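K.L.:
Take a look and give me a structure for this.
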Amino acid sequence: MKRLALAAALVLSACQEEEAKAPPAPVELTEVALSYFCQMNVAEHGGPKGQIHLDGFPAPLFFAQVRDLAAYVKSPERDAEITAIYVSDMGAAASWDQPGSNNWIDASEAHFVVGSNVAGGMGAPEVVPFASAEAAAQFMDLYGGTVAGFEGIPDDAVLGPVDLDQRLETPS
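P.N.:
Okay, here's the model as predicted:
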């Protein structure tokens, strides 16, 4: 009987550990969400968005541009351990100006168009995420760039200076 009770306790303990390790779910983007770097309202800007969940923080950090989210991840100075990263699936967005408030995808599974000629919500060149490789390829055909996974986004695409004279488009 003691062995059965011990086995049950071990199984319960293992289940609780697995539950504790599960990443937090994405949070719906609301009208009050502020962008981490600039403290501007995220929903007031077009283009894809991002959110990063940090260990011990009750709410995610929101980003008005995925470029800024990637810069935060690549920066050595962070507030805490990252537990989850979500980005807008622009293949599911109604439009560039309406990227959606709940069409989040795990950044590690997204296909990013890097180096296109489009401006994100804050006017800088954007890194554009898609859930499907096909949607990313279609966007790339229209606006240029290359497709990469999150880890493949080059540092200079998100950490480098922004050329203010560069002509960027806003997708329709």
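
K.L.:
hey, where'd the helices end up in the chain?
P.N.:
With DSSP state H as the definition, the chain shows helices at residue ranges 2-21, 66-74, 133-143, 155-158.

K.L.:
Stretch 36-43 spans what distance, first to last residue?
P.N.:
As for stretch 36-43, its first-to-last residue distance stands at 13 Å under the measure Cα to Cα, to the nearest Å.

K.L.:
buried set for that stretch?
P.N.:
For stretch 36-43, the neighbour count (16 or more other Cβ atoms under 10 Å) marks 36, 42-43 as buried. C-beta here means a position set from N, CA and C on the backbone, and glycine is covered the same way.

K.L.:
what do you get for stretch 49-65?
P.N.:
Within stretch 49-65, judged by 16+ other Cβ under 10 Å, the buried ones are 49-54, 60-65.

K.L.:
same deal with stretch 71-79?
P.N.:
Applying a neighbour-count criterion of 16+ other Cβ under 10 Å, the buried positions in stretch 71-79 are 71-73.

K.L.:
Also stretch 143-152?
P.N.:
Taking 16+ other Cβ under 10 Å as the basis for neighbour counts, the residues of stretch 143-152 that come out buried are 143, 145, 147-148, 150.

K.L.:
Which pLDDT value belongs to residue 6?
P.N.:
The score at residue 6 is 49. That number is its pLDDT.

K.L.:
what does residue 87 give?
P.N.:
At residue 87, the predicted lDDT confidence score is 98.

K.L.:
same deal with residue 2?
P.N.:
Looking at residue 2, its pLDDT is 52.

K.L.:
which residue is nearest the middle of the protein?
P.N.:
residue 87 (2.8 Å; Cα atoms, centre = their mean).

K.L.:
Show me which strand runs longest in the protein.
P.N.:
If you go by DSSP state E, the chain has its longest strand at strand 82-88.

K.L.:
and the direction of that one versus that of helix 66-74, what angle?
P.N.:
Here strand 82-88 runs at an angle of 170 degrees relative to helix 66-74 (axes from the mean of the first three to the mean of the last three Cα atoms, to 10 degrees).

K.L.:
Can I get strand 82-88 in PDB? Just the C-alpha atoms.
P.N.:
Output of strand 82-88 as PDB, limited to C-alpha atoms (Å, rounded to 0.1, in the frame of the first residue of the first chain):
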ATOM      1  CA  ILE A  82      12.100  34.600 -21.300                       C
ATOM      2  CA  THR A  83       9.400  32.000 -21.000                       C
ATOM      3  CA  ALA A  84       7.500  32.600 -24.200                       C
ATOM      4  CA  ILE A  85       7.600  34.700 -27.400                       C
ATOM      5  CA  TYR A  86       4.600  35.300 -29.600                       C
ATOM      6  CA  VAL A  87       4.200  37.300 -32.800                       C
ATOM      7  CA  SER A  88       1.300  38.300 -35.100                       C
END
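
K.L.:
Right, I'll call it a day here.
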